[in-house]
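# model the following, please.
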Amino acid sequence: MGTRSPGEGKSLSVVNGSDPPPKRTRGDRWLYAWGCGYAAVATASLLIPLLAIEYGAGPLLIGLMAATAALAGVPGALLWGWIAARTGRRRPFLLVALGATTGVLLSVPFLRSPSALLLATGVLWFAITAAAPVLNLIVVEGREEWEWDSRIARLHTVQGYAWAAGLVLGTLWTSTTAGLLPPATSKRWLFYLLAAVATVAGMALARWYPERPTISVEGFRDTFRRLHRRDWRAGRSPVSVPFGPARVFWALTSLSQNGGRRWFSPGRFNPRLWRYLLAVGWFSMAFGILWGPMPAYLKGEGLSAGAVFLLYLVANLASAGSYGRVGVMAHSRGPRRLQVLALSFRAVVI
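Below you'll find the model as predicted:
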């Protein structure tokens, strides 16, 4: 896919089965609007646990918040992705995601218990992942297949920078207001600002959203399996969510189309690969155990909210900055040695 010339690209599959209409695009302004809303989610993803700590939450509940974010993401992506596939609609899911985000951000300042904030976390992530499968479809609208890798890479790049921008906002706000306002009050006011950002983002997206859908879910799914994902440069965005909801949705829809029994047949994976998959699940679970209650641990060590935001920002930027280089090294030197070295280094650091 990545080496095709423009002349070799196949035509898009369209909803009504006819030839694709001429290209009509308003550019990527809508994507930047989405990025603004995503930045607000990035700030809130860490701000909610920090506010819960102010209300007396301990490591257990903070870890449950991270787990809730992860668990709410998968059914959210599956449900909204299924509805989008059945209705052929795109626009409502982005607007619902940003609208629900605004509602959660406005409600958080009125919540006064860690358990209520736990529920708000679940609602926030269920809502925001409504857009995950749909976003992939939107960014390739009106584009030939040879362009899809770069378009999806652009989506991930915008989201990655937006996530970093959200952490920067949290760092600056909590640091500059530390001596001016009580900690809980400072965080509540920041939620109002984030709600305003999400509202403006939703209004801009409603105005700049692309033309009506032209590509079918079936056409996207068939091409998605052939894309060169190593060029997407997604980085690690939400540290507490160890999967991409969009990838989960498209993987499962492909699985249902190809036949689950055949996919899970005993001969498909050899024992060595099964052992590797179990190891991946094991160290992924360990990463979740580490990152889940991390805000509570850092606050318990005496760090300010601004310092916690800064540490998460540094981790995010380091991950995003090394993602492309690591992909090149894995391709040239083999993934096994690189993965063993990375896991060994993390084990020593921890």
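
# report the buried residues of the helix or strand harbouring residue 157.
Taking DSSP states H and E as the definition, one finds residue 157 inside helix 148-176. By neighbour count, with 16 or more other C-beta atoms under 10 Å as the criterion, the buried positions of helix 148-176 are 148-171, 173-174. Every residue, glycine included, has its C-beta placed from N, CA and C.

# check stretch 69-81 too.
Applying 16+ other C-beta under 10 Å to stretch 69-81 flags 69, 70, 72, 73, 74, 76, 77, 78, 80, 81 as buried.

# which one of those is nearest to residue 119?
residue 72 (10.3 Å; C-beta to C-beta).

# what about the closest one, distance to residue 304?
29 Å (C-beta to C-beta, to the nearest Å).

# all helices of the protein, in order?
29-54, 59-87, 91-107, 114-128, 132-139, 148-176, 183-208, 217-224, 245-258, 260-263, 271-291, 294-300, 305-333, 335-349 (DSSP state H).

# can you redo the ones you listed as TSV with mean pLDDT?
Formatted as TSV, the helices of the chain follow (pLDDT from 0 to 100):
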stretch	mean pLDDT
helix 29-54	93
helix 59-87	80
helix 91-107	90
helix 114-128	91
helix 132-139	76
helix 148-176	87
helix 183-208	93
helix 217-224	54
helix 245-258	49
helix 260-263	48
helix 271-291	78
helix 294-300	89
helix 305-333	78
helix 335-349	78
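
# picking up where we left off before, the helix holding residue 157: how far from the chain's middle?
Helix 148-176 has its C-alpha centroid displaced from the chain centroid by 10 Å (C-alpha atoms, centre = their mean, to the nearest Å).

# over to stretch 37-48?
11 Å.

# convert that stretch to CSV, retaining C-alpha atoms only.
Once non-C-alpha atoms are left out, stretch 37-48 reads as follows in CSV (Å, rounded to 0.1, in the frame of the first residue of the first chain):
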residue,chain,number,x,y,z
GLY,A,37,-11.8,18.7,22.2
TYR,A,38,-9.3,15.8,22.5
ALA,A,39,-6.9,18.1,24.4
ALA,A,40,-9.6,18.9,26.9
VAL,A,41,-10.1,15.1,27.4
ALA,A,42,-6.3,14.8,27.9
THR,A,43,-6.3,17.3,30.7
ALA,A,44,-9.4,15.8,32.3
SER,A,45,-8.0,12.3,32.2
LEU,A,46,-5.4,13.2,34.8
LEU,A,47,-7.3,16.0,36.5
ILE,A,48,-10.2,13.8,37.6
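
# 2 is where my numbering starts, stick with that
Sure, I'll start counting at 2 from here, so that last one is stretch 38-49.

# what does that stretch contact?
66, 70, 98-99, 102, 105-106, 109, 118, 121-122, 125, 129, 160, 163-168, 170-171, 188, 191-192, 195-196, 198-199, 202-203, 206, 238-239, 241, 296, 309-310, 313 (C-beta atoms under 8 Å, 6 or more residues apart in numbering).

# just the buried residues of stretch 70-82 now: which is nearest residue 179?
residue 70 (26.1 Å).

# name the nearest residue to the closest one, ignoring sequence neighbours.
Leaving aside its chain neighbours, residue 70 sits nearest to residue 126 (4.4 Å; criterion: C-beta to C-beta, 6 or more residues apart in numbering).

# alright, I will stop here.
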